[in-house]
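Peer 1: Structural data only, the sequence is not supplied:
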């Protein structure tokens, strides 16, 4: 592809398509302007940059930002991860060249926490299956007998195991208290006691996995968390336990989870994220009745989008003015 330098004669490049409010875009225009890159991957982004001397900030939700991109943007001062996750950004490599990296942590936390409970309820009450059944004219025309699978379970009194007590995990715990759930917390990066309330217990991971009725994942993807939910971890879970993942797909060993679900060694799973996205309609997970699938939509609420837009603007302004951004990743 031929490089197009003209559209990158602006200080800010938005690497992939994500929600930005009209107000936020107007503020970026006032700071010198922006361009949507509309690229498929980092290689195409590097080509489109074409050694632009104008670009100072790149905002990316999923497009990888690495030294190949930096080499084509010699004036780059900062990279902003749109959202909390930044596993697509080579932080150390960029930092070694003087490029600051920040994210927008916390801005979408409420949205993800609320979806987590939506997924739990969908599994426990089989809402997606019931909706499909009614639409397919399965509800008997005579009599009031419903199929046995309609009988669900309640959240009240269940034990919830939260892995990761950051911005999202903390909100999940807060909501869980409203359902009168027992809360267990494990955080691989911090002492949970620092953020835990007296109503939370902080057992070792093995105890959490073996005790929880529902396990929900809220950790970033790092070398420590990659495939942390593996064969050993899944074998520790109760046969009737549920697994919820709204963090990153690679936190789970997906082939092992698939076999675990096929053999009903745990009751079910709800997945909003996958190792490779998007998944196809014929993915093996889609053939299982005990799985709820979502298209990485955890952060996608209007309210979260407005907050993320404002956070992006604040950090662009900081970077362009030579200040340390509020959510600096070190």
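Peer 2: That came in fine, so what should we check first? Computed from a predicted model, the values in this text were never measured in an experiment.
Peer 1: I'd say residue 214 and residue 160 touch.
Peer 2: Yes - using C-beta atoms under 8 Å, residue 214 is in contact with residue 160, at 5.2 Å. For every residue, glycine as well, the C-beta is placed using N, CA and C.
Peer 1: which residue sits closest to the spatially most central residue of the chain, ignoring its sequence neighbours?
Peer 2: The centre of the chain sits closest to residue 247, judged by C-alpha atoms, centre = their mean, with a distance of 4.1 Å. Of all residues not flanking residue 247 in the chain, residue 217 sits nearest, at 4.6 Å (C-beta to C-beta, 6 or more residues apart in numbering).
Peer 1: For that neighbour, give me phi and psi.
Peer 2: Main-chain torsions, residue 217, degrees, to the nearest 10: phi -100, psi 130.
Peer 1: which helices and strands does the helix or strand harbouring residue 13 pack with?
Peer 2: Using DSSP states H and E, residue 13 maps to strand 12-14. Counting contacts by 3 or more C-beta pairs under 8 Å, 6 or more residues apart in numbering; DSSP states H and E, strand 12-14 is packed against strand 34-36, strand 57-60.
Peer 1: Out of the ones you listed, which one sits most buried?
Peer 2: strand 57-60 (a mean of 26; mean count of other C-beta atoms under 10 Å).
Peer 1: Kindly provide the whole-number mean pLDDT of that one.
Peer 2: The pLDDT scores in strand 57-60 average 98.
Peer 1: how far does that strand sit from the chain's center?
Peer 2: 18 Å (C-alpha atoms, centre = their mean, to the nearest Å).
Peer 1: If you count neighbours, what's buried in the next helix or strand along the chain from that strand?
Peer 2: Per DSSP H and E, strand 57-60 leads on to helix 67-71 as the next helix or strand towards the C-terminus. If you call a residue buried by 16 or more other C-beta atoms under 10 Å, then helix 67-71 has these buried ones: 68-70.
Peer 1: pLDDT below threshold where in the stretch 1-150 of the chain?
Peer 2: 1-7, 143 (pLDDT under 70).
Peer 1: got the residue ranges for the helices in it?
Peer 2: Counting by DSSP state H, counting those that start in this stretch, the stretch 1-150 of the chain has helices at residues 22-30, 42-49, 67-71, 91-95, 109-125, 127-135.
Peer 1: buried set for the fourth one?
Peer 2: Along helix 91-95, these residues count as buried under the neighbour rule (16+ other C-beta under 10 Å): 91, 94.
Peer 1: picking up where we left off before, any chance of CSV for the helices and strands packed on strand 12-14, columns distance to residue 183?
Peer 2: Converted to CSV, the helices and strands packed on strand 12-14 look like this (distance: least, C-beta to C-beta, whole Å):
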stretch, distance to residue 183
strand 34-36, 42
strand 57-60, 34
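Peer 1: Quick check: which of those is nearest to residue 225?
Peer 2: For residue 225, the closest of the helices and strands packed on strand 12-14 is strand 57-60, at 20.9 Å, according to C-beta to C-beta.
Peer 1: hang on, isn't the residue nearest to the centre of the chain packed against residue 221?
Peer 2: Yes - under the criterion of C-beta under 8 Å, residue 247 makes contact with residue 221 at 7.3 Å.
Peer 1: helix, strand or coil for the residue nearest to the centre of the chain?
Peer 2: coil (DSSP: H, G, I helix; E, B strand; the rest coil).
Peer 1: Contact partners for it?
Peer 2: 164, 217-221, 273 (C-beta atoms under 8 Å, 6 or more residues apart in numbering).
Peer 1: With residue 46 instead?
Peer 2: Contacts of residue 46 (C-beta under 8 Å, 6+ apart): 68-69, 71-72.
Peer 1: Repeat the analysis, applying 6 Å as the threshold.
Peer 2: By C-beta atoms under 6 Å, 6 or more residues apart in numbering, the residues touching residue 46 are 68-69, 72.
Peer 1: Tell me the confidence at residue 204?
Peer 2: 96.
Peer 1: quick one: contacts for it?
Peer 2: With C-beta under 6 Å, 6+ apart, residue 204 has no contacts at all.
Peer 1: For residue 187, see how far away it is.
Peer 2: Distance, residue 204 to residue 187, using C-beta to C-beta, to the nearest Å: 12 Å.
Peer 1: what ranges do the strands span in this protein?
Peer 2: Per DSSP state E, the chain carries strands over the ranges 12-14, 34-36, 57-60, 78-81, 100-102, 159-163, 182-186, 200-201, 214-217, 242-245, 268-271, 291-293.
Peer 1: circling back to that earlier point, want to throw the contacts of residue 46 into CSV with distance to residue 19?
Peer 2: Output for the contacts of residue 46, formatted as CSV (distance: C-beta to C-beta, whole Å):
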residue, distance to residue 19
68, 27
69, 22
72, 26
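Peer 1: Between the residues you listed, which sits nearest residue 319?
Peer 2: Closest approach between those and residue 319, by C-beta to C-beta: residue 69, at 15.9 Å.
Peer 1: Brilliant, that's me finished.
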